[in-house]
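Undergrad: A predicted structure for the sequence below; I have some questions about it.
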Amino acid sequence: MKEKDYAYWVKLSSSLTLVLASTMVAAKFWAWMSTGSTTMLGSLTDSLLDITASAINFWVLRIALVPADDDHRFGHGKAESLVGLGQAAFIAGSACLLAFYGVERLFNPVKSEAVFTGVVVSIYAVVCTLLIIAIQHWALKQTKSVAIKADSVHYKGDLLLNLSVIVALILANLGWVYSDGVFTLLIAGYLFYNAYDVAKESTDYLMDKELADDIKLQIEQAVLSHSEVLGFHELRTRQSGPTKFIQLHLELDSNLTLANAHRISVEVEEAIHSIMDGEVDVLIHKDPF
């Protein structure tokens, strides 16, 4: 795919996602003011987090993709992880606030008003979320973008969140006044889980965690598939933003000329590039066997 086509699909997906998410925020704010439901407040909070995360991710992704320069020789990929930690803290703080409201509503249950309004708005949110997932699915088929894939997974989780709001409002209308507080606490737990997941992934990138074992196995097979390679050691891997960094010591026949040793290392590097998705930076040191 050409670079301009990739940019087109990423920008189209991001723009439509932000537009639909904005309409959901406006509708949920009106529904929360009408119903007074803390469950609806939780859903509104999650939608606000969605917009914030999508907007920040789009902005930070542009920084993370800036090529390496004299001051940042390994690129700017870790900008994404730094912002991820900030987002995790923000999400956790919002979850704490929701948990407080949920506990308070359990001790002081209040019958929600305008339940029909809340249910209609939640159904609208479900429809918008399905549209977002469909748009992202189509864009993902065109680009294989990791950023779009992560956003799509999050919105799939939001489907359950919006459906839970509908259930809570219906139960409250049927007389179970504690449903509002219970579902609010469940939403708070859902946000805590998301905060932990984002923080863990961001920390792994910042601490230069090794790539997954299956990826390292593919690298090993690619290296050893070359007929003139006698072995390798000191394999080190990490990821920064969209770029995977791979370093290793290649064991070669000590009688090879420098030109032949260089040729082999280039062919091994090309073999590694052929099995990896996305941008890869490979550094090979040649050792006499």
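TA: Structure received. Numbering: from 1, shown residues only.
Undergrad: can we go C-alpha only for contacts and neighbour counts from here?
TA: Noted.
Undergrad: okay, G175: pLDDT?
TA: Looking at G175, its pLDDT reads 74.
Undergrad: count the neighbours of it for me.
TA: 11 (other Cα atoms under 10 Å).
Undergrad: swap in S265?
TA: As a measure of burial, S265 has 22 neighbours, counting by other Cα under 10 Å.
Undergrad: please verify my assumption that L159 contacts T129.
TA: Yes. With contact defined as Cα atoms under 8 Å, L159 reaches T129; the gap is 6.6 Å.
Undergrad: more neighbours: which of these two?
TA: A count of neighbours by other Cα under 10 Å puts T129 above the other of L159 and T129, at 23 against 18.
Undergrad: could you report the pLDDT at the more buried one?
TA: For T129, the predicted pLDDT is 86.
Undergrad: for the one helix or strand it maps to, packing partners?
TA: Assigned by DSSP states H and E, T129 belongs to helix 115-143. Here helix 115-143 touches helix 3-35, helix 146-173, going by 3 or more Cα pairs under 8 Å, 6 or more residues apart in numbering; DSSP states H and E.
Undergrad: between those helices, which gets the lowest average pLDDT?
TA: Looking at those, the weakest mean confidence is helix 146-173, a mean of 70.
Undergrad: quick revisit: what comes up buried for the helix holding T129?
TA: Using 16 or more other Cα atoms under 10 Å as the test for burial, helix 115-143 gives 115, 117-119, 121-130, 132-133, 135-137, 139-140, 143.
Undergrad: quick one, phi/psi of H249?
TA: phi -100, psi 120 (degrees, to the nearest 10).
Undergrad: what's the closest non-adjacent residue to it?
TA: Once flanking residues are discounted, H249 sits nearest to H285: 4.6 Å by Cα to Cα, 6 or more residues apart in numbering.
Undergrad: give me the three-state assignment for the one you found.
TA: strand (DSSP: H, G, I helix; E, B strand; the rest coil).
Undergrad: oh, and call the first residue 25 from now on, that's how I've got it
TA: All set: I'll call the first residue 25, so the last point we hit is now H309.
Undergrad: tell me who's in contact with it.
TA: 271-274 (Cα atoms under 8 Å, 6 or more residues apart in numbering).
Undergrad: in strands, which of those appear?
TA: 271-274 (DSSP state E).
Undergrad: before we move on, the earlier item: compute the inter-axis angle for the helix holding T153 and helix 27-59.
TA: 170 degrees (axes from the mean of the first three to the mean of the last three Cα atoms, to 10 degrees).
Undergrad: name the nearest residue to F98, ignoring sequence neighbours.
TA: A92 (5.7 Å).
Undergrad: doesn't the one you found lie inside a helix?
TA: No. With three-state DSSP as the criterion, A92 is assigned coil and is not in a helix.
Undergrad: what number of residues lie near it?
TA: Count around A92 with other Cα under 10 Å applied: 13.
Undergrad: got a pLDDT number for it?
TA: We have a pLDDT of 71 for A92.
Undergrad: how near is it to I75?
TA: 29 Å (Cα to Cα, to the nearest Å).
Undergrad: and for T153?
TA: T153 is 13 Å from I75, by Cα to Cα.
Undergrad: ok, I147 to I194 distance?
TA: 13 Å.
Undergrad: check which helix or strand covers I75.
TA: helix 62-88.
Undergrad: pull the distance from whichever helix or strand comes after that helix to the chain's centre.
TA: Remark: after helix 62-88, the chain's next helix or strand is helix 102-131, criterion DSSP H and E. Using Cα atoms, centre = their mean, to the nearest Å, the distance from the centre of helix 102-131 to the centre of the chain it belongs to is 16 Å.
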